[in-house]
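Participant: Return atomic coordinates for the entry below.
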Amino acid sequence: MGSIKNLAQGFLVATGLIWLYSVVVLIRGGDAWLGLTYLLILFISLSTVLMLKLKGTRQTVGGTAKWRNLLFSLQGVALGFWMFDLATTFYAINITGLAVEINPLGWPLGILGALAFYGPALVFSYLLLFRLKEKACLYAALPLTLLTLAMSSMNLMAGAQNFQVFVDTAALATGIRYSMLTVLITLNLVVPLTLNRLIDAPKPQLNVRKP
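Facilitator: Below you'll find the model as predicted:
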């Protein structure tokens, strides 16, 4: 379960960075209302994560375990960049029809090319970091992680290019702008307060009868 948590943390970090990038690009060159909507959605996630961090118990991890967790979380970052590429490619090709897939396999079969890399890389990284305990395996996982990040950086750049199609074509309808903002502002207030009450709520105690 610890490895899944590390992978999810890396994926969430990548998603947050991409979302922040989307907000900036939309406000500067696209529909500012849509960028503001994205920003308010991001605040909901940030406030939730911050609340969980502040209320959670801190566990200190030292030694090689810290580096193993960090390296495997970077695999999650790479997956986040790849998913960004997939999502923006789907929008540019399937939704707008303004782009074409340059991969010889075409779309969506072009997904298989990256999957053939990310799948084995994720499996081998897991084996090297968590199944094989020798320190040499930790060193072997480092170049594999760097190679994965280099591969995902190309997905990130491709996703950024595809996202420009979204910036040029997407807009928040005038009739729902203020209603959407009202809902999101309300959620930004309600979600942290509700989560705080749920965390601070006293846990029910079971009565155990002694013989």
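
Participant: Was I right to think Ile41 contacts Leu184?
Facilitator: Yes: counting by Cβ atoms under 8 Å, Leu184 is a contact partner of Ile41 at 6.5 Å. Placement of C-beta: from N, CA and C, glycine included.

Participant: Report the buried residues of the strand or helix carrying Leu198.
Facilitator: Secondary structure from DSSP states H and E places Leu198 in helix 177-200. Of all the residues in helix 177-200, those buried under the rule 16 or more other Cβ atoms under 10 Å are Arg177, Met180, Leu184, Leu187, Asn188, Val191, Pro192.

Participant: ok, the first one - contacts?
Facilitator: Arg177 makes contact with Trp33, according to Cβ atoms under 8 Å, 6 or more residues apart in numbering.

Participant: same thing with the fifth one?
Facilitator: Contacts of Asn188 were listed using Cβ under 8 Å, 6+ apart, and they are Leu40, Phe43, Ile44, Ser47.

Participant: State the distance from it to Ala160.
Facilitator: Using Cβ to Cβ, to the nearest Å, Asn188 is found at 27 Å from Ala160.

Participant: What are the contacting residues of stretch 15-34?
Facilitator: Stretch 15-34 is contacted from outside by 35-36, 38-39, 41-42, 45-46, 80-81, 83-84, 156, 159-160, 163-164, 166-168, 170-172, 177, using Cβ under 8 Å, 6+ apart.

Participant: Could you do stretch 79-90 as well?
Facilitator: The contact list for stretch 79-90 (Cβ under 8 Å, 6+ apart) reads 7, 10-15, 18, 99, 101, 107-108, 111, 114, 118, 122, 152-153, 155-156, 158-159, 162-163, 165-166.

Participant: And for stretch 132-151?
Facilitator: For stretch 132-151, the surrounding residues in contact (Cβ under 8 Å, 6+ apart) are 64, 67-68, 71, 74-75, 77-78, 114, 117-118, 121, 124-125, 128-129.

Participant: how about low-confidence regions in the chain?
Facilitator: 1-2, 55-62, 199-211 (pLDDT under 70).

Participant: Okay, helices next: where are they in it?
Facilitator: 2-29, 32-55, 64-90, 111-126, 135-169, 177-200 (DSSP state H).

Participant: highest average neighbour count across those?
Facilitator: Among these, helix 64-90 has the highest mean neighbour count (mean count of other Cβ atoms under 10 Å), at a mean of 20.
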